[in-house]
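Chemist: give the three-dimensional model of this entry:
(2 chains)
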Protein chains: 2
Amino acid sequence: MEMQIHPVAGVYLGATAAKIKKNGKPDLVVIELIEGTLTAATFTTNAFCAAPVTLAKRHLAEVSPRALLINAGNANAGTGEQGMKDALSSCAFVAAELGCDMTRVLPFSTGVIGENLPMEKFENGIPQAMAGLQIDGWDAASKAIMTTDLVQKLVSREVDIDGHRIVITGMSKGSGMIHPNMATMLGFVATDAKIDQACLQAALSAAVESSFNRITVDGDTSTNDACTLSATQQADMPEIHDLESVAYQQFAKAVKEIMTDLAQMIVRDGEGATKFVAVIVEEADSKEEALKVAHAVALSPLVKTALFASDPNWGRILAAVGRAGVENLDIEALKIYLGDVCIVENGGRAASYTEEQGQAVMNETDIDIRIVLKRGTVNETVWTTDFSYDYVKINAEYRS
Amino acid sequence: MEMQIHPVAGVYLGATAAKIKKNGKPDLVVIELIEGTLTAATFTTNAFCAAPVTLAKRHLAEVSPRALLINAGNANAGTGEQGMKDALSSCAFVAAELGCDMTRVLPFSTGVIGENLPMEKFENGIPQAMAGLQIDGWDAASKAIMTTDLVQKLVSREVDIDGHRIVITGMSKGSGMIHPNMATMLGFVATDAKIDQACLQAALSAAVESSFNRITVDGDTSTNDACTLSATQQADMPEIHDLESVAYQQFAKAVKEIMTDLAQMIVRDGEGATKFVAVIVEEADSKEEALKVAHAVALSPLVKTALFASDPNWGRILAAVGRAGVENLDIEALKIYLGDVCIVENGGRAASYTEEQGQAVMNETDIDIRIVLKRGTVNETVWTTDFSYDYVKINAEYRS
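Modeler: Numbers count the residues shown, from 1 in each chain, chains lettered A, B, ... in the order given. Presented below is the predicted three-dimensional model:
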């Protein structure tokens, strides 16, 4: 790792290989949070949410957690009543070690859907992981939560909040959201900031909305997606408790930047991905219509296969914008750009456009598709990847 | 062709190779409709609709058409003002030959987006095509409207309407809607039935809604999609003019069957398709939610790659249903079936399910995925295909 990872005062991480993953790599992580830590969280909206998601929500509503328990290799999703019993038991193992109530443990699982958790592996693995709890455990933990990820996703930053230095460090896992059966995206961010629960949740929700909720590989949302933001209150600073304050604004901005980095790392690691694509919609009338257009383009298999081929196929982008369902779209007014090159204006191919210009943009790895709707003042960006042979290969052969 | 194609009294078709297609195959069709024929139509909802679509709508609103002009190889889409001028000129060529007003010609184009129509090829080709107008021209016409289609799509049926025999014959083109830049789906159906305009349009709209609007390969809708139903009034029968009559019901049912056959032929011919998949949603609360669930499953790249691999990956189907956006979905109540095999119940994998049962269904070419929501009485079916290496290959390499 070239990036310096700053430990977070009051956060201790332990990882172990509990043999939940078939390949024997580390797969179990416990994050202990010092007493007094506040934690905010967001969870998947998938109706089939996994047992650990249901339980984590319930525990978080009761009391501030002292520990996060994460396993990779088994999602404990689609497991019915037994799944909930197992999630409860796994929390009880951690609580017994810590000497706290089991409601103070939040469980997170990622991996294959539909298999029961191997509870004896949790029973043995949890004390092992907790024996190794350390303030410098981020690197090992970020590797242990990986499933099909090719690279670990770990970001850390020192931030000045109104003259006081704080630390924000976070990790995520997810290989492009392309594995809802490897139910998929998890993010764990911690800070030593002194901040109240309302401001913490507000900062997390805003950051997730413009980061994890703006990445898409194939439109699928997993049963296990979750993201937490824990604040240990250990920094020497006045408490942030006012959403209008400068300190809150600085904190929220820093959290958003960390989350955006973590989210973009997921897209870049999308399996089979050869391109990193920003679909930028400008001058929309509302956030809803901006996202409608952005997702129509970002999820179009025709646009995505053209991106894989580095083909400046402006007709496919135009057709995707046209079918996005924006009422009274003025096709004469809107403009579409590939990078800085205008490809569509006046309802068709831009007069100035040449295939060579488009090809030059498409040959890059990082590509911006910008759609200017000329309807209002709202801008939104979604990040995605191309569709490659490897996407089909990985997802067709995943279980074989 | 093994199927007998019944000519339709009053409908004459001519096809020629006008060299609009680069491969020199037939690419221009004129369909002459006897004076007195009524025509109903439906058109793409894509905001970027092509010039011929705009013009066909305008002409149809003014007067009953005497001719349909169809070219393959060039979609005349994304062509701005010049595109409209060319569409008008092409109608004028046909009108001059027929001796009628140019508003009585409806133009249809399919092929590459963004190139201007080669007008001299229309000027030369149209008289050639019209010199060969014949009542038995369906077979040749259905081949000439093909672009990347591997097989022609032609269906014909004799139908008894309240004791009177009529004929309905139709053709379509489209290779799985996977080519919005080969802007894509066209359907032309004719009958000798005696029927008024309102009943004709009602029968067409209902039929399209349950056929062409129920097929999807990749969620993309083209700039050129159109479907017409022409009734020459030549049959010996009382006019159908009452939507409540037995005759109308019989007619509408027959049109729906013809359109469903034509639509399913498009899915089966989807490029790269190795499976024909019916996604059946039952006991939904509304048509909207039934289609939301059906499309979430039918368009999920993860479900589609699993289908390609013949992998009974029930977790992906469950996750797609869960993210479809149905409010207050009762995951304990709903059931999901692969063929006749129950794969999901009580919120997870069905207790009775075995991988062998699922594999047996997945090994078939035709696969039913049935989702019983237990929320109401509405059923909807969507037809789709799998996602294969060839899908990526064909769409990545299409322009190279």
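
Chemist: A:Thr191 contacts A:Gln233, correct?
Modeler: No - counting by CB atoms under 8 Å, A:Gln233 is not a contact partner of A:Thr191; they are 9.5 Å apart. The way it works is simple: take the backbone N, C-alpha and C, and place the C-beta from them, glycine included.

Chemist: so for those two, which residue has more residues nearby?
Modeler: Between A:Thr191 and A:Gln233, A:Thr191 has the larger neighbour count (other CB atoms under 10 Å in any protein chain shown), namely 33 against 20.

Chemist: who touches the more buried one in this structure?
Modeler: For A:Thr191, the residues meeting the contact criterion (CB atoms under 8 Å, 6 or more residues apart in numbering or on different chains) are A:8, A:166-169, A:229-232, A:235, A:255.

Chemist: ends of stretch A:42-49, what's the gap?
Modeler: 13 Å (CA to CA, to the nearest Å).

Chemist: now that stretch: buried residues?
Modeler: Under the neighbour-count criterion of 16 or more other CB atoms under 10 Å in any protein chain shown, stretch A:42-49 has A:42-44, A:46-49 buried.

Chemist: skipping its backbone neighbours, what lies nearest the closest residue to chain B within the stretch 51-200 of chain A in space?
Modeler: Using CB to the nearest CB, the single residue of the stretch 51-200 of chain A nearest to chain B is A:Ile113, 3.4 Å away. Spatial nearest neighbour of A:Ile113, excluding adjacent residues (CB to CB, 6 or more residues apart in numbering or on different chains): B:Gly315 at 3.4 Å.

Chemist: for the one you found, helix, strand, or coil?
Modeler: Following DSSP: H, G, I helix; E, B strand; the rest coil, B:Gly315 is assigned to helix.

Chemist: mind telling me what element A:Ala203 is part of?
Modeler: Per DSSP states H and E: A:Ala203 is located in helix A:197-209.

Chemist: surely the residue of the stretch 51-200 of chain A closest to chain B touches B:Leu318?
Modeler: Yes - judged on CB under 8 Å, A:Ile113 makes contact with B:Leu318 at a distance of 7.3 Å.

Chemist: so what's in contact with these two at the same time?
Modeler: Common neighbours of A:Ile113 and B:Leu318, using CB under 8 Å, 6+ apart, are A:78, A:223.

Chemist: any idea which residue sits dead centre in chain A?
Modeler: Of all residues in chain A, the one closest to the mean position by CA atoms, centre = their mean is A:Phe212, 4.0 Å from it.

Chemist: most neighbours, which of the contacts of A:Thr191?
Modeler: Counting by other CB under 10 Å, top hit in those: A:Ala231 with 33 neighbours.

Chemist: in CSV, list the C-alpha atoms belonging to the longest helix along chain A.
Modeler: In chain A, assigned by DSSP state H, the helix with the most residues is helix A:246-268. What follows is helix A:246-268, C-alpha atoms only, in CSV (Å, rounded to 0.1, in the frame of the first residue of the first chain):
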residue,chain,number,x,y,z
VAL,A,246,-18.8,25.2,9.3
ALA,A,247,-17.4,22.2,11.2
TYR,A,248,-20.3,20.0,10.0
GLN,A,249,-19.9,21.1,6.4
GLN,A,250,-16.2,20.3,6.5
PHE,A,251,-16.8,17.0,8.1
ALA,A,252,-19.5,16.0,5.6
LYS,A,253,-17.4,17.0,2.7
ALA,A,254,-14.5,14.9,3.9
VAL,A,255,-16.8,11.9,4.5
LYS,A,256,-18.2,12.3,1.0
GLU,A,257,-14.7,12.4,-0.5
ILE,A,258,-13.7,9.2,1.3
MET,A,259,-16.9,7.4,0.3
THR,A,260,-16.6,8.5,-3.3
ASP,A,261,-13.0,7.1,-3.4
LEU,A,262,-14.2,3.8,-1.9
ALA,A,263,-17.2,3.7,-4.4
GLN,A,264,-15.1,4.4,-7.4
MET,A,265,-12.6,1.7,-6.4
ILE,A,266,-15.4,-0.8,-6.5
VAL,A,267,-16.3,0.3,-10.1
ARG,A,268,-12.7,0.1,-11.2
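
Chemist: remind me what that helix packs against, helices and strands.
Modeler: Here helix A:246-268 touches strand A:153-161, strand A:164-173, strand A:186-191, helix A:197-209, strand A:276-284, strand A:378-384, going by 3 or more CB pairs under 8 Å, 6 or more residues apart in numbering or on different chains; DSSP states H and E.
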